[in-house]
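J.: Just need the structure, nothing else, for what follows:
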Amino acid sequence: MNLIPLPAFNDNYIWMLHDGQRALVVDPGDSHVVFEAIQRLGLRLEAILVTHHHNDHTGGVAALRDATGAQVFGPLLESMPEPLKRLRGGDVIEPLGLRLQVIDVPGHTAGHIAFYAEPVGQAPLLFCGDTLFSAGSGRLFEGTPAQMLVSLGKLAALPDNTRVCCAHEYTASGLVFARAVEPDNQALISYQDQVRSLREQNRPTLPSSIGLEKAINPFLRTHLAGVIRAVRQFDPDALDPVGVFAALRTWKNQF
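T.: Model prediction:
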């Protein structure tokens, strides 16, 4: 399976997975980017996966479905371009012969889902939409801090070598905030240098990995004493795990 991030808009990635003949795409907000890629690579689009309802993830779905006949898969509980197969956590689909497990990850939106796969002979794959970013996580537009904390916990429990396919190139800005939370985190310092080099070459910083995110992402580290201390300097009333996470999210929103 070949994994390709297709840049769209200012900072989106539409993820494409293909076997040389057949392809699927994840969160195609822009159909033109996908049409160009499948024509250039000589691929047949068979499936479209959607993690949540925001237009920068769904805007190209109808045009792609109508032109290619690709089957659309999306969350059970969100408004989606019809027709599609609706999914909830625990469901399994097999586009391109690849077994994809659906994970419920509410928080950014109320019905957000993610897709997890273990391709034969390759590191696992996670398509997480706007739930998890490298060094960050999605804003809480519809869900609660408690929901997002649980959702991120589900993703953090995946194998460390899981490739994390986020939907936005937010890594550099996320690292600036992460360093404010943990200024002495050596993994963060090293990763920031790598990211700076990649972006200077206009190369994607993604996919990340679950193991890396557990080492550098403050939103996956809210149980650690150093992060808790930093958050409580921002908000002394952050007393329990949900309160710490909520205060960290507020801090990032205001940063």
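
J.: Report the contact partners of the nearest residue to Phe255 once chain neighbours are set aside.
T.: Nearest non-adjacent residue to Phe255, counting by Cβ to Cβ, 6 or more residues apart in numbering: Phe177, 5.0 Å away. The C-beta positions use only the backbone N, C-alpha and C, and glycine is treated the same way. Residues in contact with Phe177, defined by Cβ atoms under 8 Å, 6 or more residues apart in numbering, are Ala135, Gly136, Pro218, Trp251, Lys252, Phe255.

J.: Quick check: which element contains Phe177?
T.: Assigning secondary structure by DSSP states H and E places Phe177 in helix 171-181.

J.: quick one on the thing from earlier: quick one: which of the contacts of Phe177 has the most company?
T.: Neighbour counts for the contacts of Phe177, by other Cβ atoms under 10 Å, peak at Ala135, which reaches 29 neighbours.

J.: which residues of the chain fall in helices?
T.: Residue ranges of the helices in the chain, as given by DSSP state H, are 31-41, 55-58, 61-68, 145-156, 171-181, 186-200, 210-216, 225-234, 241-254.

J.: Just put those helices in CSV and tack on distance to Phe115.
T.: Output for those, formatted as CSV (distance: least, Cβ to Cβ, whole Å):
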stretch, distance to Phe115
helix 31-41, 17
helix 55-58, 13
helix 61-68, 15
helix 145-156, 12
helix 171-181, 21
helix 186-200, 25
helix 210-216, 14
helix 225-234, 28
helix 241-254, 24
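
J.: and Pro106, which of those is closest to it?
T.: For the helices of the chain, proximity to Pro106 was assessed by Cβ to Cβ; helix 145-156 is nearest, at 4.6 Å.

J.: which residues touch the closest one?
T.: 103-108, 112, 114, 126, 128, 131-132, 137-138, 140, 143, 164, 210, 213-214, 219-220, 222, 241-242, 245-246, 249.

J.: Among those residues, name the buried ones.
T.: 103-108, 112, 114, 126, 128, 131-132, 137-138, 140, 143, 164, 210, 213, 219-220, 222, 242, 245-246, 249 (16 or more other Cβ atoms under 10 Å).

J.: Low-confidence ranges, this protein, go.
T.: Along the chain, no part satisfies pLDDT under 70.

J.: Please tell me how far Glu213 sits from Thr222.
T.: Using Cβ to Cβ, to the nearest Å, Glu213 is found at 13 Å from Thr222.

J.: Apologies, that question was intended for Ser208.
T.: For Ser208 relative to Thr222 (Cβ to Cβ), the value is 18 Å.

J.: and if you look at Leu248?
T.: From Leu248 to Thr222 the distance is 6 Å (Cβ to Cβ).

J.: what residues are shared contacts of the two?
T.: Val231.

J.: beta partners of His18?
T.: Going by DSSP bridges, His18 is paired in beta bridges with Asn2, Ala23.

J.: give me the number of residues near Asp193?
T.: 11.

J.: again with Phe9
T.: 13.

J.: So it sits against Pro28, correct?
T.: No. Here Phe9 does not reach Pro28: they are 11.4 Å apart, not a contact under Cβ atoms under 8 Å.

J.: which residues does Gln21 contact?
T.: Per Cβ under 8 Å, 6+ apart, neighbours of Gln21: Gly42, Leu43, Arg44.

J.: correct me, but the last one touches Gly69?
T.: No. Under the criterion of Cβ under 8 Å, Arg44 lies out of contact with Gly69, with a separation of 9.3 Å.

J.: residues shared between the contacts of those two?
T.: By Cβ under 8 Å, 6+ apart, no residue touches both Arg44 and Gly69.

J.: if we can go back for a sec, out of the buried ones among the contacts of helix 145-156, list just those in strands.
T.: Ile103, Asp104, Ala114, Leu126, Cys128, Leu132, Ser137, Val164 (DSSP state E).
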